[in-house]
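1. Any chance you can model this:
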Amino acid sequence: PWIPNWGVHFTFAADEMRSRLTALGVPGVQARTFHAAALRQVRYFAPRLLDGRAMPELLDSKVRLVTLAAARVGLRTDRAAARDLAGEIEWAKSSLVEPAEYVVAAAKALRDTPHEPAKVAEVFTAYEKIKRGNGVIDFEDMLRAAVWGIEEHADVAEQVRAQYRHFVVDEYQDVNPLQQRLLDAWLGGRDDLTVVGDASQTIYSFTGATSSYLVDFPRRHRNAVVVRLVRDYRSTPQVVGLANAVISQARGTEARLRLELRGQRPPGPEPELRIFTDEPAEANAVAARARALIDAGTPAREIAVLFRTNAQSEAYEKALTEAEVPYVVQGAERFFERAEVRQAMIALRAATRSIPGETPLPTAVVE
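-> This is a model prediction of the structure:
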């Protein structure tokens, strides 16, 4: 069976799934992200679907082409603004929304758009034209190509469905309409499907993910067996109690599948909640707390700082460095060891040695 997971963000999870399956004595099972599975499929069938032509190059990022598209419609953007526009285009494409449909769809979804919706639609349209003109595709195009290959080519559908019958989808609350359509294409109307998820943990709604597929699963699959996994083996009862307090605030459809978790570990201290004005302030407070623990005799290796995304590591690495707290970044390259950061630091050092007159440091670095 083919066990798809989704999102570039979950490649590590797919690797972990494969290693655990191998340890259980089932090494033949495939475990991939939605994107990796679709890419493999599209590459395999490309010669047949494209009449022997090569598959278009896959974009690593939309930002450069979105910047060009924005300029084409008279909108000046910096990199941050271009990222916001790229994110909005990703939401639209993942939600199966075409450029001509964007304004209405954004209003219906109550989107907080980075620019006036009609302008975003213009950028979206220009982006698609520039992309086609350059002969490249983005990740959503690649997923759509996988869907198209199955829905429009009976021979491809027959081969895929004959090879892969049973599917298990993890983190199902974070599936988006495009991914769900691909899953439906893989299944071809069959019920050989197991999903695992928690409607209270949807974190990718900004890219079109919705917990509705999980919430409505028993309705869409009348013979589905629902198993509630309520035992928490990772956290103390105090932490689990805090999680339950947060989950209890859920309203609407998410509340229908709300769980009351039960902690399985020995009791521990009550969690301490603190609120900070911004991310740097939070990072500095965390670093100060780590410094105080170390000074009081706690080994640094017994202290862990958890954050949601790799992009947040910069603030914490900076704060820990300034507090002289030794640290190791797990699962990501250390910020100050990244190539672009090293180059920037070299430029800064050179500029500080050769700044002419009263030239501001940023200007000297750019020059």
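
2. Count residues in the vicinity of residue 144, would you?
-> Residue 144 has 19 neighbouring residues, counting by other C-beta atoms under 10 Å. The way it works is simple: take the backbone N, C-alpha and C, and place the C-beta from them, glycine included.

3. pretty sure it contacts residue 178?
-> Yes: applying C-beta atoms under 8 Å, one finds residue 144 in contact with residue 178, separated by 6.8 Å.

4. Now for the two: what residues contact both?
-> Taking C-beta atoms under 8 Å, 6 or more residues apart in numbering as the contact rule, the neighbours common to residue 144 and residue 178 are residue 93.

5. where does stretch 316-326 sit relative to the chain's centre, distance-wise?
-> 27 Å (C-alpha atoms, centre = their mean, to the nearest Å).

6. could you give the mean pLDDT of it?
-> For stretch 316-326, mean pLDDT is 95.

7. Provide a list of residue ranges in the stretch 1-150 of the chain with pLDDT below threshold.
-> 1-13 (pLDDT under 70).

8. how about 90 then?
-> Along the stretch 1-150 of the chain, the model assigns pLDDT under 90 to residues 1-33, 47-55, 60, 76, 79-80.

9. again, but for the stretch 251-367 of the chain
-> Using pLDDT under 90, the stretch 251-367 of the chain drops low at 251-260, 307-314, 329-367.

10. Okay, helices next: where are they in it?
-> Secondary structure of the stretch 251-367 of the chain by DSSP state H, counting those that start in this stretch: the helices cover 279-295, 313-322, 339-354, 361-366.

11. Tell me which of those helices sits nearest to residue 25.
-> Closest approach to residue 25 among these is made by helix 313-322 (36.6 Å; C-beta to C-beta).

12. Show me which residues of that closest one are buried.
-> For helix 313-322, the neighbour count (16 or more other C-beta atoms under 10 Å) marks 313-320 as buried.

13. Which of the residues you listed sits closest to residue 174?
-> Looking across the buried residues of helix 313-322 and measuring by C-beta to C-beta, the closest to residue 174 is residue 313, at 22.0 Å.

14. Would you confirm that the closest one contacts residue 329?
-> Yes: using C-beta under 8 Å, residue 313 is in contact with residue 329, at 5.9 Å.

15. which one of the helices of the stretch 251-367 of the chain has the most crowded surroundings?
-> helix 313-322 (a mean of 19; mean count of other C-beta atoms under 10 Å).

16. can you give me the offset of that helix from its chain's centre?
-> 23 Å.

17. which secondary structure elements does it contact?
-> helix 279-295 (3 or more C-beta pairs under 8 Å, 6 or more residues apart in numbering; DSSP states H and E).

18. can you map out the strands along the chain?
-> Assigned by DSSP state E, the chain shows strands spanning 2-5, 30-33, 57-58, 136-137, 167-169, 193-195, 231-232, 262-263.

19. Give me the helices and strands touching the third one, please.
-> Counting contacts by 3+ C-beta pairs under 8 Å, 6+ apart, strand 57-58 is packed against strand 136-137.

20. So which other helices or strands are in contact with the strand it packs on?
-> strand 57-58.

21. Sheet-wise, list the partners of the strand it packs on with their directions.
-> strand 136-137 (parallel) (DSSP bridges).

22. what does the partner strand contact?
-> 56-59, 65, 131, 145.

23. TSV for the residues you listed, including distance to residue 124 and neighbour count?
-> Shown next, in TSV, are the contacts of strand 136-137 (distance: C-beta to C-beta, whole Å; neighbours: other C-beta atoms under 10 Å):
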residue	distance to residue 124	neighbour count
56	19	18
57	21	10
58	19	15
59	15	17
65	11	23
131	11	20
145	19	21
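
24. Report the two members of these separated by the largest distance.
-> Maximum distance among the contacts of strand 136-137 (C-beta to C-beta): 17.9 Å, for 65 and 145.

25. wait, which of the helices of the stretch 251-367 of the chain is closest to residue 37?
-> helix 313-322 (28.4 Å).

26. Next, the angle from the closest one to helix 279-295.
-> Counting by axes from the mean of the first three to the mean of the last three C-alpha atoms, to 10 degrees, helix 313-322 lies at 40 degrees to helix 279-295.

27. ok so, going back, can you add distance to residue 153 and give the helices of the stretch 251-367 of the chain back as CSV?
-> Below are these laid out as CSV (distance: least, C-beta to C-beta, whole Å):
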stretch, distance to residue 153
helix 279-295, 48
helix 313-322, 44
helix 339-354, 42
helix 361-366, 51
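
28. Compare the ones you listed and give me the one nearest residue 46.
-> helix 339-354 (31.9 Å).

29. where do the helices sit along the stretch 101-250 of the chain?
-> Assigned by DSSP H, counting those that start in this stretch, the stretch 101-250 of the chain shows helices spanning 102-108, 117-133, 139-151, 154-163, 177-187, 212-215, 217-220, 237-247.

30. Tell me which residues of stretch 297-304 come out buried.
-> residue 303.

31. Tell me how far residue 287 lies from residue 184.
-> Using C-beta to C-beta, to the nearest Å, one gets 47 Å for the distance from residue 287 to residue 184.

32. sorry, back to before: among the strands of the chain, which comes closest to residue 247?
-> Of the strands of the chain, nearest to residue 247 by C-beta to C-beta is strand 231-232, at 11.6 Å.

33. mind checking how far that closest one is from the chain centre?
-> 25 Å.

34. what comes into contact with that strand?
-> With C-beta under 8 Å, 6+ apart as the criterion, strand 231-232 contacts 240, 243, 261-265.
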